[in-house]
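Peer 1: Prediction below, plus the sequence it came from.
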Amino acid sequence: MDLRKPWQKIWRKWRSKSTKPEIEPKAKPSATDKTLDSLKELLKDEHIPATVRVQLKDEYQQVQQLIDKLENQQVHIIAFGKVSSGKSSLLNALIGKQQFSTSPLHGETKTQQSTEWNKYQDHNMVVIDTPGTDEVAGEARQQMAHKAAEIADIILFVVDGDLTQSQLQQLKQIAQPNTQIILVLNKSDLYTDDEISDLLESLTNKTKGIIQANNVVISSAAPIPQLLIKEDASGKQTREKITVKVDVTQVKQRIWDILEQDGKTLTALNASIFAGEISDKIAKKVTKLRASAADKVVTTYSIAKGIGVAFNPIPVADLLIAAGLDVAMIRKLSQVYGLPIVGKEASKLTITIMAQIAALMGAVWGINLLSSALKTVSAGLSTTLTAGAQGALAYYATYLVGKIAEEYFIRGKSWGEKGPKQVAKDIVNGLDKNSILIEAREQILERIKSK
Ligand SMILES: Nc1nc2c(ncn2[C@@H]2O[C@H](COP(=O)(O)OP(=O)(O)O)[C@@H](O)[C@H]2O)c(=O)[nH]1
Ligand SMILES: [Mg+2]
């Protein structure tokens with residue numbers, strides 16, 4: 001071994017460094033890198049509380065699948081279509097081995113399975129077999145196939161005859177602008193040439209706008225031997241078994257053409273589109289889940305406050321002062337919105353909100369509101385009912401505090417340009433006071449009676 005060599009290398013490097021400072025040019029992140037980053041970000045978003053995360057299990061699983069797919073540089077080719085159309089047979093014929101089990105019986109493939117096929121440039125081609133969709137198989141199966149199709153790059157939609165209305169419907173559901181769908185008319189051995197050209201014409205027409213005409217192809221993935229009956233001049237019949245060759249060349253050709261044409265962009269594009277869609281979907285779901293969790297918090301605390309006051313009436317003017325529960329509610333809400341606040345900050349926010357409510361109500365708070373509460377809530381004024389009315393009012397006050405605080409958190413802990421006064425005003429005006437009071441009374445009376 002020549003020991004000088006490493007030293008020469010170091011020397012050369014040192015010399016080059018001393019002449020020009022060597023700053024490694026940072027490789028520009030590729031589209032796929034960016035997508036990967038945003039997907040990973042999605043998974044670790046700390047603003048999403050654990051309770052909401054649990055309910056996003058399916059979405060997160062899909063995100064994780066896409067991350068795996070990108071990290072392993074996979075091109076996904078998935079067979080999709082009704083049971084027994086020959087999906088498993090087609091994939092076997094493509095990869096050249098009996099990987100997926102097939103059967104003349106309905107529904108041989110029970111779960112989704114996949115296997116590596118070939119390499120295409122740097123990509124690993126993975127074929128995915130699905131149980132198949134039909135009317136009798138359960139929703140869950142369909143869901144699973146749809147989810148897999150969503151992150152697939154090439155979909156082989158397999159049929160063994162003309163397209164039915166429900167198949168067309170499915171096709172429309174899974175079709176996305178950047179997923180390549182190859183419509184495969186399998187079992188072509190069962191048809192005459194004329195029948196095949198009629199079928200191809202019909203398939204192409206029905207899928208216009210969804211599938212490119214050159215993506216409609218035929219195959220015989222597992223043809224059955226045919227019996228040829230010959231009759232000679234004397235009328236004697238002879239039977240001859242003709243084996244038909246497996247033929248999936250058109251499907252293969254289309255897959256290669258697609259990869260050749262836009263293999264590099266296909267996976268990156270699909271992934272980034274899907275990433276965008278799933279993050280929108282997650283965002284919407286988070287918003288919805290948060291809103292309902294927040295609503296539960298607000299109602300729970302409003303009832304607690306209402307009952308507390310009903311059992312231990314305090315002057316209306318003091319409602320705003322007995323604010324312990326409201327502070328606790330606001331802290332809970334801040335957690336729901338992933339922007340937790342504690343201690344002083346929570347008290348300060350509660351005071352700010354209560355000040356807005358007090359200012360808005362002013363004199364009205366004491367007189368009009370109470371009388372309207374009494375009117376809506378009680379006909380005669382038995383003690384229970386008066387207590388109920390006061391309780392309802394307390395409920396209403398806390399409810400307002402909750403709704404206003406929610407708005408503050410939705411805006412990312414800010415009142416925005418409007419300022420707290422306007423935000424509070426809009427919310428008070430937007431709520432149906434009477435129905436809240438009626439709801440409050442019902443909730444409170446129910447609990448008073450049960451005590
Ligand atoms: N005649 C004919 N039969 C086929 C062909 N491809 C598949 N089959 C048969 O159709 C049945 C269902 O095939 P399978 O691959 O299990 O369908 P899958 O449910 O869609 O996966 C099996 O009996 C296959 O042998 C084909 O090209 N021609
Ligand atoms: Mg199958």
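Peer 2: Ah, there it is. Ligands and ions are numbered 1, 2, ... in the order given.

Peer 1: Hmm, L39 and V63 touching each other?
Peer 2: Yes - using CB atoms under 8 Å, V63 makes contact with L39 at a distance of 5.4 Å. C-beta here means a position set from N, CA and C on the backbone, and glycine is covered the same way.

Peer 1: which residues are common contacts for the two?
Peer 2: Overlap of the contact sets of V63 and L39 (by CB atoms under 8 Å, 6 or more residues apart in numbering) consists of A275.

Peer 1: Pass me the low-pLDDT residue ranges in the protein, would you?
Peer 2: Within the chain, the stretches with pLDDT under 70 are 1-29, 107-110, 133-142, 144-145, 263-264, 313-322, 362-388, 451.

Peer 1: those strands in the chain, which residues are they?
Peer 2: Along the chain, the segments classed as strands by DSSP state E run 74-81, 113-120, 123-129, 154-159, 180-185, 216-218, 226-231, 237-242.

Peer 1: So which of these is nearest ligand 2?
Peer 2: In terms of CB to the ion, the element of the strands of the chain nearest to ligand 2 is strand 123-129, at 5.9 Å.

Peer 1: Pull out the buried positions in the closest one.
Peer 2: For strand 123-129, the neighbour count (16 or more other CB atoms under 10 Å) marks H123, M125, V126, V127, I128, D129 as buried.

Peer 1: For the residue in the stretch 301-450 of the chain that ligand 2 sits nearest to, the count of nearby residues, please.
Peer 2: Residue of the stretch 301-450 of the chain nearest ligand 2, by CB to the ion: G338 (43.7 Å). Counted with other CB atoms under 10 Å, residues neighbouring G338 total 16.

Peer 1: again with Q98
Peer 2: Neighbours of Q98 (other CB under 10 Å): 11.

Peer 1: My read is that it contacts S88, right?
Peer 2: No - counting by CB under 8 Å, Q98 stays clear of S88, with 9.2 Å between them.

Peer 1: first to last residue in stretch 85-99, what's the distance?
Peer 2: 17 Å (CA to CA, to the nearest Å).

Peer 1: and that stretch, does that touch ligand 1?
Peer 2: Yes - using CB under 6 Å from any ligand atom, stretch 85-99 reaches ligand 1 at S85, G86, K87, S88, S89.

Peer 1: about what we covered before: excluding covalently adjacent residues, which one is nearest to the residue of the stretch 301-450 of the chain closest to ligand 2?
Peer 2: Leaving out its chain neighbours, the residue that sits closest to G338 by CB to CB, 6 or more residues apart in numbering is H47, at 3.4 Å.

Peer 1: separation between S188 and P49?
Peer 2: Going from S188 to P49 by CB to CB, to the nearest Å gives 55 Å.

Peer 1: My error: substitute M361 in the last question.
Peer 2: 33 Å.

Peer 1: ok so, going back, got the strands of the chain as CSV, with distance to ligand 2 columns?
Peer 2: Shown next, in CSV, are the strands of the chain (distance: least, CB to the ion, whole Å):
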stretch, distance to ligand 2
strand 74-81, 8
strand 113-120, 9
strand 123-129, 6
strand 154-159, 10
strand 180-185, 14
strand 216-218, 19
strand 226-231, 23
strand 237-242, 26
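
Peer 1: Isn't the residue of the stretch 301-450 of the chain closest to ligand 2 up against T51?
Peer 2: No - G338 is beyond contact range of T51, at 10.7 Å (criterion: CB under 8 Å).

Peer 1: now the strands of the chain in JSON lines, with distance to H146?
Peer 2: Converted to JSON lines, the strands of the chain look like this (distance: least, CB to CB, whole Å):
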{"stretch": "strand 74-81", "distance to H146": "9"}
{"stretch": "strand 113-120", "distance to H146": "16"}
{"stretch": "strand 123-129", "distance to H146": "13"}
{"stretch": "strand 154-159", "distance to H146": "11"}
{"stretch": "strand 180-185", "distance to H146": "13"}
{"stretch": "strand 216-218", "distance to H146": "22"}
{"stretch": "strand 226-231", "distance to H146": "37"}
{"stretch": "strand 237-242", "distance to H146": "40"}
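
Peer 1: Neighbour count: S188 and P49, which is higher?
Peer 2: Using other CB under 10 Å, the more surrounded residue of S188 and P49 is S188, with 23 against 17.

Peer 1: Spit out the contact partners of that one.
Peer 2: By CB under 8 Å, 6+ apart, the neighbours of S188 are I196, I218, S219, S220, D247.

Peer 1: For ChimeraX, write a command that selects the buried ones of these.
Peer 2: Buried residues within the contacts of S188, by 16+ other CB under 10 Å, are selected in ChimeraX with:
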select :218,219,220,247
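
Peer 1: Tell me the one among the contacts of S188 nearest to ligand 2.
Peer 2: Of the contacts of S188, the one sitting nearest to ligand 2 (CB to the ion) turns out to be S219, at 14.7 Å.

Peer 1: and the closest residue to A405 other than its chain neighbours, how many neighbours?
Peer 2: Nearest non-adjacent residue to A405, counting by CB to CB, 6+ apart: I330, 4.9 Å away. I330 has 27 neighbours, counted by other CB under 10 Å.

Peer 1: pretty sure I330 contacts A346?
Peer 2: Yes - the criterion here is CB under 8 Å, and I330 meets it with A346 at 5.3 Å.

Peer 1: which ones among the contacts of S188 come in contact with ligand 1?
Peer 2: Within the contacts of S188, those near ligand 1 by CB under 6 Å from any ligand atom are S220.

Peer 1: Please flag which of the contacts of S188 sit within helices.
Peer 2: Of the positions in these, I196 sit in helices, assigned by DSSP state H.

Peer 1: neighbours around D280, how many?
Peer 2: When counting by other CB under 10 Å, one arrives at 10 neighbours for D280.

Peer 1: wait, I242
Peer 2: I242: 9 surrounding residues under other CB under 10 Å.

Peer 1: That one touches L228, doesn't it?
Peer 2: Yes - counting by CB under 8 Å, L228 is a contact partner of I242 at 5.3 Å.

Peer 1: Could you tell me which residues of the stretch 101-250 of the chain lie near ligand 1?
Peer 2: Residues of the stretch 101-250 of the chain lying near ligand 1 (CB under 6 Å from any ligand atom): 102-104, 108-109, 132, 186-187, 189-190, 220-224.

Peer 1: out of those residues, who's nearest ligand 2?
Peer 2: Taking CB to the ion as the measure, ligand 2 sits nearest to T109 out of those, at 3.0 Å.

Peer 1: Next one: L227 from ligand 1, what distance?
Peer 2: Going from L227 to ligand 1 by CB to the nearest ligand atom, to the nearest Å gives 13 Å.

Peer 1: care to break this protein down by domain?
Peer 2: Using automatic domain parsing, the domain ranges for the chain come out as 31-281, 283-450.
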